[in-house]
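> Show me the folded form of this:
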Amino acid sequence: MLRPIVYLAALSIVLHGWTVCAAVWNDSVDRTRAGERLLAHEMMQMETCVEPMRTVSVDRLRIVDVSAIGRAFGVPPARLRQFRRGYSLAPEGHPLRQTRWYTVWYEAFPGSGGSGKLTLRVRSDGTIIEQKRW
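Numbering: from 1, shown residues only. Next up is the predicted model:
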């Protein structure tokens, strides 16, 4: 019996002292939320609460930012631990070019101490393209 194989291709490039890593998620991506739209104020809160490519503890964010992040990801704000955002590095002609991504680390189950990680890939108009649980 043949099993589907999911490949994760990664590319690391050093540009002017910065290491850039791009990954192709392929079939392990969840597209059940594809086409859903984030609310404009959720996007605004996530875009302004932290600089791109910087991971922050949600304890350092305002409660309105944490609430917006929780709503966007469908994770109760009390379970959120960290947040990070950035922009796609996809080349010209690639379907993910000029998209953005948001990632949260969260407590998987209340009181468990276990953690989960969830990334949303979003168009600039707030339309969700895909999500990935890590």
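> Break down this protein into its helices, ranges please.
Using DSSP state H, the helices found in the chain span residues 40-48, 63-73.
> These: which one's closest to residue 94?
Closest approach to residue 94 among those is made by helix 40-48 (21.8 Å; CB to CB). To be clear about C-beta, it is placed using only N, CA and C from the backbone, and glycine gets the same treatment.
> what ranges do the strands span in the chain?
Along the chain, counting by DSSP state E, strands occupy 9-15, 18-24, 56-57, 80-87, 100-107, 115-122, 128-133.
> which one of those has the lowest average pLDDT?
By mean pLDDT, the lowest-scoring of these turns out to be strand 9-15, with a mean of 38.
> Report the mean confidence score over stretch 70-77.
For stretch 70-77, the per-residue pLDDT values average out at 96.
> Alpha carbons only: can I get it in PDB?
Below are the C-alpha coordinates for stretch 70-77, written out as PDB (Å, rounded to 0.1, in the frame of the first residue of the first chain):
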ATOM      1  CA  GLY A  70      -7.000  35.300  20.000                       C
ATOM      2  CA  ARG A  71     -10.100  36.100  17.800                       C
ATOM      3  CA  ALA A  72      -8.100  35.800  14.600                       C
ATOM      4  CA  PHE A  73      -6.600  32.400  15.500                       C
ATOM      5  CA  GLY A  74      -9.700  31.000  17.400                       C
ATOM      6  CA  VAL A  75      -7.500  30.500  20.500                       C
ATOM      7  CA  PRO A  76      -8.700  31.900  23.900                       C
ATOM      8  CA  PRO A  77      -6.500  34.900  24.800                       C
END
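> Quick check: buried residues in that stretch?
70-73, 75, 77 (16 or more other CB atoms under 10 Å).
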